Structures are given as C-alpha cells and as structure tokens.
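Enquirer: Give the three-dimensional model of this entry:
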Amino acid sequence: MGRTNPIPARRLAKQPWPTRWAAVALIALALLPAAAVGQTLAGTPVEYRLSFPEAEHRWLRVQVVFRNLNRGKLRLMMSSASPGRYARHEFAKNLIDLEIVDGQGRTLAFTQPATQQWEVAAHDGVVQVTYHLFGDRLDGTYLAVDATHAHINMPATLVWARGLEDRPVRVTFERPADTSWRVATQLYPTDDPLVFTAPNLQYLMDSPAEFSEFTLRTFQVTDPSDRLYRPTFRVAVHHDGDDLSVDTYARAVEAVVNEAVAVFEEFPRFETDTYTFIADYLPYASADAMEHRNSTVLTSSRQLSHPGQRARLLFSVAHEFFHVWNVERIRPGSLEPFDFTAANVSDELWLAEGFTNYYAEMIMHRAGLADLDRTLRDFSGTINAVVLSPGRQNRSAVEMSRLAAFTDAATAIDRTNWGNIFISYYTWGEAIALGLDLTLRIRSHGMLTLDDYMQALWVRFGRPGGAVPGIVDEPYTLSDAREILAEVTSDRPFAEEFFARYIEGRDVVDYAALLEEAGVLLRKRSPGTAWIGDESFGAEMRVTEPTRHGSPLHAAGVDRDDVLLMLDRQRVSTRADIDRVVATREPGDTIEIGFLRRGRPVKSVVTLVEHPQLELVALESTGAALTSDQHAFREAWLGSWRN
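Expert: Prediction:
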C-alpha cells in the first residue's frame, strides 16, 4: 500500500491535512466540557482522584469511581507494562489497602485471580475503588512521591477496568496541605487547574504528570508548513538549581525543537496544541527519559548548571522529542495498540529507537549544542560497539529488537552473558541510520538523504493520524519500512539488499569509505599497540563479567570469577599492573598467565593482538586539507536545515 510516486518526501508537494473539516470537528470536541466529551465518545467518564495524605512517607491515595456499569462482573486491572518500556514491570506490588464499595458505600466482595487483577461479581452499577500506593523511584517508569513533589507514571499508579477502555476519564489532583503544587501533564486541561481529562485509557496511560512547585518556561514555534499553527511548548523543571540555568536549558530545548521539526518540515497536530517537557533533575533521580504522545519525562541526577552535564541532558531531550514523529505517530504495528498487561515485542526497535538515537546526535550538532569533535566521538562509540561486538555474530538488528523485553530495564537475578550475545537496538539502529544516511547521499549525489526516508514514513504512516486521540490508525510493519525505502530510492534491489544485509542480516556497511566523502577518517585508535582485552576486575583481581568472545583473555580460557594472579611471570594486583606488562610487548607476542579458578591454580598462554578500537577524526585535524567536495558534503550532512 505504498505510494506509487517515488519522488523523495522532502520534494513532495505539501498535502493538506486529511479531511480538514474532520480535524476542526475534533478540535471543537476537545473544547467541550469533560462530561460532554464522555457522552459523545463513549458514555460516562471514569473518575480518578489523587491525594497525598503522607507524601513525606512516599504514599499516594487513589480513588476511582466507575459509574453506569452493566450488572455483570467487573474486572479491575493494574498494569504490568508502560508505554515506552518494552519489558514487564509489576506495578501491583506497591499497592495496599484496596477497598471496593458500591454506589451506596456498601463493601463489595471481590476475588483476586492474579496478582494484578481483582474481580467484583455483584454491584449496583457503581463501583468505587480506593487504595494506597508506595512510590520511591524517580524515573520514567515508576511512581515517585515525597514532600516536594509527586512524579506520576499512570500505568504505575492507576487501577482500570476491562471493557471500559474507550470511556473518557476525569482526573482530579488534591494538593497536600501547605503547598502550592501545580500540574504539568499532556492531559486535557479544564477550567480547574487541578482537574484534567483524557479521551480514553490509551491516552490516559500515556500521560505522565508532575505535581510540584516546578519552574515553568514556555515558548511557541511556528509550523514550517502552516504559518497559522503555533503550538506551545512547556518546559517544567523540578530541580534544586537556579532560574538562570533553567533559562539556558529552555533556550537549548527550543533550539532542539526547531532542528527536529526541520527534518519533517511540519509538526504533528498535538491534541491540545501543546507539548510538555517534564524534567526532574535531582540528586536522587535515576537517569531515564521516556517519550509520550504530547510530552516527555526526563530524569537525572545531573545538574543543569554544569555545561557538560547539561549537554547530556539535552541529548535525551533531542532523542525523546524526535519520538513525537518516530514512534508516537510513525508507529510500529507491534506496539499499536500498546498492551498494558504484557511485554510488548517488536521487530522494529532498530528504527523506532536506533534511528531516533542517530537523529538526536544530528539535532545536537545542527543546533550548535555539540561540536564536531563531540559528534565524531559519539559516532566512534557507536561504530566500535557494532563493528567489534561479538553479539553481531549471533543476531541481526531485527532479532536484537525482539530482546527488549529482557533488556529494557527488565530485572532478573540470574546471571547473563549479554556482553557477548546482545547489542542494544539503540546502538545498532543508530549505526544503521548513519550508514544509510551516508549511502543515500553518496549514491544520489546529494539528492536523497535519510531525512527523505523519514519524511516518506511520516507522509505514509504518521501524518494521517487516527480517528481517536492517542490511537494510530495505520502503524507500519518491517516490510512497510523496506517498501518505503524502495519507493524513496526508486531502486527496489538496493532496498532489498540493504535490509537483507544490514537490518535482517549481520553485515555492517563500509564506514571508512562512506565517511571519507565527508572528510572524516576512520582509523585505529592505537595502531601497533598490544592489547589483552578490556575485561573488568574486582577485588583481588577477580574477573567480574564474562570475557569478550575473541579477546586474548577469552582465547586463553579466562572467564568470569577467575582470579588473575600472574602475567608474564609477574605478580599482578591491579589493572595498572596488567597494562604495564602489556605496554612492553608487541601485537602477536605470547605471555604466560596464571589464575585461580574456584580455588584451583590454572596456567595458560595469552597471545596479544593489536588494539582493535577505532576512532573518527576530522581530516583537517591530521594536517591534511579538505577538498571542496568533502567540505560541501560535510556541510550538507551536518549543517542545520534551517540555514
């Protein structure tokens, strides 16, 4: 069902929004009072009330009322998965004091057939559920409550009912005593600043909220395709720094927004014409960032006032905001609709997350927030991780995507060997995007770029949107992604080969040849230097992780939990001791090694190799001169689209 016109998306004539009158009707519907929206869409709203009787002890109280119910069994659910996460997270473990009454306040009997399910067999058409939740992890997945704020991820917080997913929702926040907390959220506002609505469960669960005395900055950006559309962007920051650092941060966020929209040349139509950045930068925050349809959550212990730390925070901003198009609207069919009760397995995370990672790097550079050296260092790390990783011999990028349920903040107590069998789909997808972008530019003499491919995906799958807020009517598949590449390039054999080799296969592109066109040199970081491996050692020189397949120590039979004693007949007690011995040798040299394996002495021989790590450097930094073609290519690749 791809387009028959193979003209690149960037050069396609702008199409009017489909059924402009329908869009106007939807906006009018959004402006109705919550009760009216409920009657129009799916009946009586589900009503939530969130209060904080003991915020200092990390407790949240939730009351939810379901009205106008059929007289049959009501099945209540607590989510075990959260939008933007792909593994299971059993949120019900933090729930206590569950009480269920009917419309007259009479206690209702219920059963619990599963840890995250409760069933009410009989009621009078109204069921009210009250419970308490403990929340003490500040990130993009869980609930965090303390005396300064409530950071709320809805799947970790709200009990919901099977069969009522299409009902509208009304959420009321109650301020703790002696506070002036406000709410930052993508939920639909009402006349009451503490009351919000959602059109359905999918939108509700995708709508995090920060309830605190946050610092707020706002700005507007004109849509490049429609000068009359100027969505508002809110930057809500809960931190312990000064306002000046928030001002600097907000200006950088605005630069990110401007560069991101330049890729697609238009904004989505945000449901409330507003997008919200929710940032918690506090010493006790966990490093995380999570995309949502019209907002993002950003958490870290890094400080806004520190320029280097702020740059890493802004990379997360760029990554998550690019998700506005790629994932939230250009959405894999494997994630639509999102299943709140199970792990969500996808073949396309190399594109959904990895390409987004690549564009975060590009946006940072194009916005002037990362210089060339920083950008090349980041791409060096990506290339090293993919080219040198033994995991690439085991699975393709598609197969790595399927492992998200085991790796995306998933927890387990058994040991794994991920270092040898897994490459992050973020990293491998970024490497694929880099290779595809450069390949398209070279083979088309600059007429095609990865931006054209992303725009084509947007036109085909993202821009049409959905009939219901928060729902994508036409998500894509792996074969769709291949088909769009064939159409954009007008070269089906190329598209099929690229997917077969680099996405569904295990090959990597020739980065050295591609980057040379941009005057960037890919070379060995330490040529001629002997290398024994990058294994980590703990107390008493115990190997802490499985040795890397193909490394000298692995080939010598050393593995996790072995205790290194001797190297080249010299006692070693620190990593520095190992490096000192290896520094006196050449690649190809063999040296004796002695270690303990579960208390028994073992001897072996290590054959040193040349240090494999690669680096990217600008050609001019080596003393060579850029050609005019290389300079033009680099500017077209890394330069701002807005110039």
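
Enquirer: Now do the same contact list for the closest residue to residue 220 other than its chain neighbours.
Expert: Among residues not flanking residue 220 along the chain, residue 230 sits closest, at 4.5 Å (CB to CB, 6 or more residues apart in numbering). Backbone N, C-alpha and C define where each C-beta goes, glycine included. Residues near residue 230 by CB atoms under 8 Å, 6 or more residues apart in numbering: 220, 221, 222, 223.

Enquirer: what kind of secondary structure is the closest residue to the last one other than its chain neighbours in?
Expert: Just to be clear, that refers to residue 223. Nearest residue to residue 223 in three dimensions, chain neighbours excluded: residue 229, at 4.0 Å (CB to CB, 6+ apart). The local conformation at residue 229, judged by DSSP: H, G, I helix; E, B strand; the rest coil, is coil.

Enquirer: And residue 229, how close does it get to residue 267?
Expert: 7 Å (CB to CB, to the nearest Å).

Enquirer: Between these two, which contacts overlap?
Expert: residue 223.

Enquirer: more neighbours, the two?
Expert: residue 267 (22 against 17; other CB atoms under 10 Å).

Enquirer: quick one: contacts of stretch 601-611?
Expert: 524-532, 552-553, 555-558, 562, 565, 567, 582, 585-596.

Enquirer: what about 7 Å?
Expert: Contact with stretch 601-611 is made by 524-526, 528-532, 552-553, 555-557, 582, 585, 587-595, as judged by CB atoms under 7 Å, 6 or more residues apart in numbering.

Enquirer: Give me the buried entries from those residues.
Expert: 529-532, 552-553, 555-557, 582, 585, 591, 593-595 (16 or more other CB atoms under 10 Å).

Enquirer: May I have the residues that are in contact with residue 359?
Expert: With contact taken as CB under 7 Å, 6+ apart, residue 359 is in contact with 263, 322.

Enquirer: Tell me the predicted confidence for the residue lying closest to residue 534 once chain neighbours are set aside.
Expert: Computed as CB to CB, 6+ apart, the closest residue to residue 534 that is not its neighbour in sequence is residue 548, at 7.1 Å. Here, the pLDDT recorded for residue 548 equals 96.

Enquirer: Number of residues surrounding residue 548?
Expert: Neighbour count for residue 548, taken as other CB under 10 Å: 18.

Enquirer: so how far is residue 591 from it?
Expert: Separation of residue 548 from residue 591 (CB to CB): 18 Å.

Enquirer: got it, and residue 525?
Expert: 22 Å.

Enquirer: outside of the one helix or strand residue 99 maps to, which residues touch it?
Expert: Counting by DSSP states H and E, the element that carries residue 99 is strand 95-102. Strand 95-102 has contacts (CB under 7 Å, 6+ apart) with 78, 107-108, 110, 118, 120, 123-124, 126-133.

Enquirer: at 8 Å what do you get?
Expert: Strand 95-102 has contacts (CB under 8 Å, 6+ apart) with 76, 78, 107-108, 110, 118, 120, 123-124, 126-134, 159.

Enquirer: got it, and stretch 245-256?
Expert: 215, 217, 219, 221, 233, 235, 237, 239, 277, 279, 303-305, 310, 313-314, 317-318, 321, 363-364, 367-369.

Enquirer: Give the rounded mean pLDDT of it.
Expert: Averaged across stretch 245-256, the pLDDT comes to 98.

Enquirer: Output it in PDB with nothing but the alpha carbons.
Expert: Output in PDB follows, covering the C-alpha atoms of stretch 245-256 (Å, rounded to 0.1, in the frame of the first residue of the first chain):
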ATOM      1  CA  SER A 245      20.200  27.600  34.500                       C
ATOM      2  CA  VAL A 246      16.500  26.800  33.600                       C
ATOM      3  CA  ASP A 247      16.500  29.800  31.200                       C
ATOM      4  CA  THR A 248      19.700  28.500  29.500                       C
ATOM      5  CA  TYR A 249      18.200  25.000  29.300                       C
ATOM      6  CA  ALA A 250      14.900  26.200  27.900                       C
ATOM      7  CA  ARG A 251      16.600  28.100  25.100                       C
ATOM      8  CA  ALA A 252      18.500  25.000  24.200                       C
ATOM      9  CA  VAL A 253      15.300  23.000  24.200                       C
ATOM     10  CA  GLU A 254      13.800  25.500  21.800                       C
ATOM     11  CA  ALA A 255      16.800  25.000  19.500                       C
ATOM     12  CA  VAL A 256      16.300  21.300  19.600                       C
END
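
Enquirer: Could you list the buried residues of it?
Expert: In terms of neighbour count (16+ other CB under 10 Å), stretch 245-256 has its buried residues at 245, 246, 249, 250, 252, 253, 254, 255, 256.

Enquirer: Return the closest of the contacts of residue 230 with respect to residue 203.
Expert: Minimum distance to residue 203 across the contacts of residue 230 is 22.2 Å, recorded for residue 223 (CB to CB).

Enquirer: okay, that closest one: pLDDT?
Expert: Residue 223 is given a pLDDT of 98.

Enquirer: Number of residues surrounding the residue lying closest to residue 290 once chain neighbours are set aside?
Expert: Nearest residue to residue 290, sequence neighbours excluded (CB to CB, 6+ apart): residue 140, at 3.0 Å. Per other CB under 10 Å, the neighbour tally for residue 140 reads 28.

Enquirer: Please, which helix or strand holds residue 140?
Expert: Under the criterion DSSP H and E, no helix or strand holds residue 140.

Enquirer: what sits against residue 173?
Expert: Here residue 173 is in contact with 50, 181, 183, 194, 195, 196, 209, 211 (CB under 8 Å, 6+ apart).

Enquirer: how about 6 Å then?
Expert: The neighbourhood of residue 173, defined by CB atoms under 6 Å, 6 or more residues apart in numbering, consists of 50, 183, 194, 211.

Enquirer: Could you do residue 616 as well?
Expert: Per CB under 6 Å, 6+ apart, neighbours of residue 616: 376, 379, 380, 520, 522.

Enquirer: which one of those sits closest to residue 495?
Expert: residue 379 (23.8 Å).

Enquirer: can you give me the end-to-end distance of stretch 403-422?
Expert: End-to-end distance of stretch 403-422: 8 Å, with CA to CA, to the nearest Å as the criterion.

Enquirer: same question but for stretch 492-510, I mixed them up
Expert: End-to-end for stretch 492-510, by CA to CA: 21 Å.

Enquirer: Over to stretch 166-181?
Expert: OK, stretch 166-181 end separation, CA to CA: 30 Å.

Enquirer: before we move on, what about stretch 498-510?
Expert: End to end - CA to CA - stretch 498-510 spans 12 Å.

Enquirer: May I see the buried residues of it?
Expert: Neighbour-count burial for stretch 498-510 [16+ other CB under 10 Å]: 498, 499, 502, 503, 504, 506, 508, 509.

Enquirer: So which of the contacts of residue 173 belong to strands?
Expert: 50, 183, 211 (DSSP state E).

Enquirer: how far away is the nearest residue to the first one once chain neighbours are set aside from residue 506?
Expert: Of all residues beyond its chain neighbours, the one nearest residue 50 is residue 173 (5.3 Å), with distances taken as CB to CB, 6+ apart. Computed with CB to CB, the distance linking residue 173 and residue 506 is 50 Å.

Enquirer: And for residue 462?
Expert: Counting by CB to CB - residue 462 and residue 506 are separated by 29 Å.

Enquirer: for this structure, which spans come out with low pLDDT?
Expert: 1-42, 641-643 (pLDDT under 70).

Enquirer: Who wins on neighbours among the contacts of residue 173?
Expert: residue 211 (26 neighbours).

Enquirer: surely that one meets residue 181?
Expert: Yes. Counting by CB atoms under 6 Å, residue 211 does reach residue 181; the two are 5.1 Å apart.
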